[in-house]
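Peer 1: Next come a sequence and a model predicted from it.
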Amino acid sequence: MILAVDPGLVSGVFAVYNDGSIASALELSPYETVSFVEAKALISPRLHVVCEQFTFAANAHRMTRQPEALEIIGALRYVSRKHSRPFKLQSRNIKSRVDNDTLKRIGWYSQTVGGHLNDAARHAFVAFVQLYPHHSLVKTSLATI
């Protein structure tokens, strides 16, 4: 199972089974996000945790600092290590390779207010492509990546 997180005050949390079917698609608070990931780590021995990397930009003084994102990343790193599950940070830019049309085509698109859930789904799909490059879901979507 791949569990991807778009961390923030409202976090997108998207989990997908190895066959490409959706296990969970949620938007949660920071505490709920970490609790959910830990619960999945306890019951899923083949869990891969993927999280969007958060970095401060040069103009960070004009933007929201989002301490929740950094706190979630640290907590997820801890939970993953505690339960011996792989943890990977992915750059914010990598998710732009997966557009809404791709998410719709594979059945992973969700209409939400902030788009956090779709951002998590984008990170999940990038990880899915890396872990399962020969899966039929990947083959049907290669033209859009």
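Peer 2: Yes, it's here. Numbers count the residues shown, from 1 in each chain.

Peer 1: where do the strands sit along the chain?
Peer 2: Secondary structure of the chain (DSSP state E): strands at 2-6, 11-16, 22-28, 48-52, 87-90.

Peer 1: List the residues that contact Gly12.
Peer 2: Applying CB atoms under 8 Å, 6 or more residues apart in numbering to Gly12 gives the contacts 4-6, 26-27, 112, 115-121. Every residue, glycine included, has its C-beta placed from N, CA and C.

Peer 1: With Arg81 as the reference, measure out to it.
Peer 2: Going from Gly12 to Arg81 by CB to CB, to the nearest Å gives 22 Å.

Peer 1: With Phe54 instead?
Peer 2: Applying CB to CB, the value for Phe54 to Arg81 is 19 Å.

Peer 1: Those two - which one has more neighbours?
Peer 2: Using other CB atoms under 10 Å as the criterion, Phe54 and Arg81 rank with Phe54 on top: 18 against 11.

Peer 1: phi, psi of the more buried one?
Peer 2: phi -110, psi 120 (degrees, to the nearest 10).

Peer 1: Got the confidence number for it?
Peer 2: The score at Phe54 is 82. That number is its pLDDT.

Peer 1: Do I have it right that it meets Gln66?
Peer 2: Yes - counting by CB atoms under 8 Å, Phe54 does reach Gln66; the two are 6.6 Å apart.

Peer 1: show me what contacts Gln66?
Peer 2: Here Gln66 is in contact with Gly8, Leu9, Phe54 (CB under 8 Å, 6+ apart).

Peer 1: same deal with Gly8?
Peer 2: For Gly8, the contact set (CB under 8 Å, 6+ apart) comprises Pro30, Gln66, Glu68, Ala69, Ile72, His116.

Peer 1: Tabulate those residues in TSV, adding columns for distance to Ile94.
Peer 2: As requested, the contacts of Gly8 are exported to TSV (distance: CB to CB, whole Å):
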residue	distance to Ile94
Pro30	23
Gln66	19
Glu68	21
Ala69	16
Ile72	18
His116	16
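
Peer 1: Buried ones among those residues?
Peer 2: Neighbour-count burial (16 or more other CB atoms under 10 Å) applied to these gives Pro30, Glu68, Ala69, Ile72, His116.
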